[in-house]
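J.: With the sequence up front, the predicted model follows.
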Amino acid sequence: MPELPEVETVRRGLAPALDGARLARVETRRPDLRFPFPDDFVQRLTGARVENLRRRAKYLLAPLDRGDTLVMHLGMTGRFDVDDGSGAVRPADYYYAAPADPKHVHVVFETESGARVAYSDPRRFGFMGLVPTDALDRHPWFAGMGPEPLGPDFDADRLAAAFAGRTQSPKTLLLDQKVVAGLGNIYVCEALHRAGISPRRPAGAVDRARIERLADAVRAVLEEAIAAGGSTLRDYAGADGVLGYFQHRFRVYGREGEACATAGCGGTVERLVQAGRSTFFCPVCQT
């Protein structure tokens with residue numbers, strides 16, 4: 001599933017076509033994705049102006065001038081193709097990417113300026129909804145969600161409070177959307193490695209110095225991934241069709257049996273399963 005850097009990359013790719021744009025035509029080619037489309041979905045969007053395009057955790061948010069916010073989630077295989085009038089930009093040459101297929105295009109947005117944004121999703125695990133903008137924070141998708149890891153409300157104090165007295169793994173807590181919003185398996189593994197924290201250690205036993213390193217590592221790994229265009233793992237693809245290269249910089253994720261990337265460590269990356277998810281780590285420099 002695309003993680004925060006991938007979703008942010010998509011947001012930046014879509015923004016030139018959608019920020020401030022009025023939707024002249026909206027088409028749905030099936031009644032549902034993961035969930036049914038809201039009642040009068042097409043009618044409520046047609047003619048509306050997108051005020052701006054934002055991201056909250058792994059959701060794309062498009063507040064409209066009619067008082068609703070279009071909420072979009074990519075699921076596992078959702079992607080957007082953008083045609084600004086000079087020809088469609090389509091994903092190609094992605095790591096494990098699914099080939100673009102018109103039969104998987106389920107939603108099309110056309111703007112007054114002539115841009116066409118098509119949403120395709122072979123597995124249909126993504127979804128779209130319309131939520132009153134003034135009630136967005138209270139909606140079940142967002143209620144109780146923690147701070148953005150790149151925002152001012154996420155820091156070592158927040159992590160220390162979340163970890164205090166807890167017996168769960170630090171990874172388990174970092175994946176809890178009530179602790180911090182939008183983190184996923186890949187970048188949590190990477191951040192824990194950079195901070196030198198073992199995924200086997202109880203969160204409550206992580207000292208303050210390492211918590212401070214972890215908060216810095218979370219921000220750093222996300223910022224680097226966004227700058228590189230996301231990981232483009234599996235079926236994910238950026239909205240502008242540009243391949244992201246951050247996967248080539250992974251220090252531990254997917255590198256079981258390989259040498260640890262930490263200079264002078266000498267350890268070998270191992271994998272364990274926690275809550276049904278693969279955790280990659282170095283048993284030598286992560287303690």
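T.: Thanks, I have it. Computed from a prediction, not measured in an experiment: that's the story for all the values here.
J.: Can you measure across stretch 159-170, start residue to end residue?
T.: 10 Å (Cα to Cα, to the nearest Å).
J.: How about residues contacting that stretch?
T.: Contacting residues not belonging to stretch 159-170 are listed as 173, 176, 179-180, 192, 197, 199-204, 206, 208, 211, 214-215, 274 [Cβ atoms under 8 Å, 6 or more residues apart in numbering]. All C-beta atoms are positioned from the backbone trio N, CA, C, and that covers glycine.
J.: Buried ones in that stretch, by neighbour count?
T.: 159-160, 162-163, 166, 169-170 (16 or more other Cβ atoms under 10 Å).
J.: cool, and stretch 197-208?
T.: By neighbour count with 16+ other Cβ under 10 Å, stretch 197-208 contains the buried residues 197-199, 201, 203, 206.
J.: As JSON lines, these with distance to Leu18 and secondary structure would be great.
T.: Below are the buried residues of stretch 197-208 laid out as JSON lines (distance: Cβ to Cβ, whole Å; DSSP: H, G, I helix; E, B strand; the rest coil):
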{"residue": "Ile197", "distance to Leu18": "39", "secondary structure": "coil"}
{"residue": "Ser198", "distance to Leu18": "43", "secondary structure": "coil"}
{"residue": "Pro199", "distance to Leu18": "39", "secondary structure": "coil"}
{"residue": "Arg201", "distance to Leu18": "43", "secondary structure": "coil"}
{"residue": "Ala203", "distance to Leu18": "39", "secondary structure": "helix"}
{"residue": "Val206", "distance to Leu18": "41", "secondary structure": "coil"}
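J.: who touches Glu51 in this structure?
T.: By Cβ under 8 Å, 6+ apart, the contact list for Glu51 reads 20, 62-65.
J.: Out of those residues, name the ones that lie in strands.
T.: Using DSSP state E, 62-63 are the members of these that sit in strands.
J.: Switch the contacts of Glu51 over to a markdown table; also include neighbour count, distance to Ala227 and pLDDT.
T.: Output for those, formatted as a markdown table (neighbours: other Cβ atoms under 10 Å; distance: Cβ to Cβ, whole Å; pLDDT from 0 to 100):
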| residue | neighbour count | distance to Ala227 | pLDDT |
| --- | --- | --- | --- |
| Gly20 | 14 | 25 | 97 |
| Ala62 | 26 | 24 | 98 |
| Pro63 | 19 | 26 | 98 |
| Leu64 | 19 | 30 | 98 |
| Asp65 | 13 | 32 | 98 |
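J.: if we can go back for a sec, and the furthest pair within the buried residues of stretch 159-170?
T.: Within these, Ala160 and Ser169 form the most distant pair, 16.1 Å apart (Cβ to Cβ).
J.: in the stretch 51-200 of the chain, what spans have low per-residue confidence?
T.: Scanning the stretch 51-200 of the chain for pLDDT under 70 picks out 85-100.
J.: so where do the strands sit in it?
T.: Here the stretch 51-200 of the chain has its strands, by DSSP state E, counting those that start in this stretch, at 54-56, 59-63, 68-73, 79-83, 88-89, 105-111, 116-120, 127-132.
J.: Let me have those in a markdown table, extended by distance to Thr262.
T.: Shown next, in a markdown table, are these (distance: least, Cβ to Cβ, whole Å):
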| stretch | distance to Thr262 |
| --- | --- |
| strand 54-56 | 31 |
| strand 59-63 | 34 |
| strand 68-73 | 35 |
| strand 79-83 | 34 |
| strand 88-89 | 38 |
| strand 105-111 | 44 |
| strand 116-120 | 40 |
| strand 127-132 | 40 |
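J.: after the biggest helix by length in the chain comes which helix or strand?
T.: If you go by DSSP state H, the chain has its longest helix at helix 208-228. Once helix 208-228 ends, the next helix or strand along the chain (criterion: DSSP states H and E) is strand 270-274.
J.: hmm, back to that, so for Gln286, which of the strands of the stretch 51-200 of the chain sits nearest?
T.: Nearest to Gln286, of all the strands of the stretch 51-200 of the chain, is strand 54-56, at 29.8 Å by Cβ to Cβ.
J.: packing partners for the closest one?
T.: helix 4-18, strand 59-63 (3 or more Cβ pairs under 8 Å, 6 or more residues apart in numbering; DSSP states H and E).
J.: Thank you kindly, that will do.
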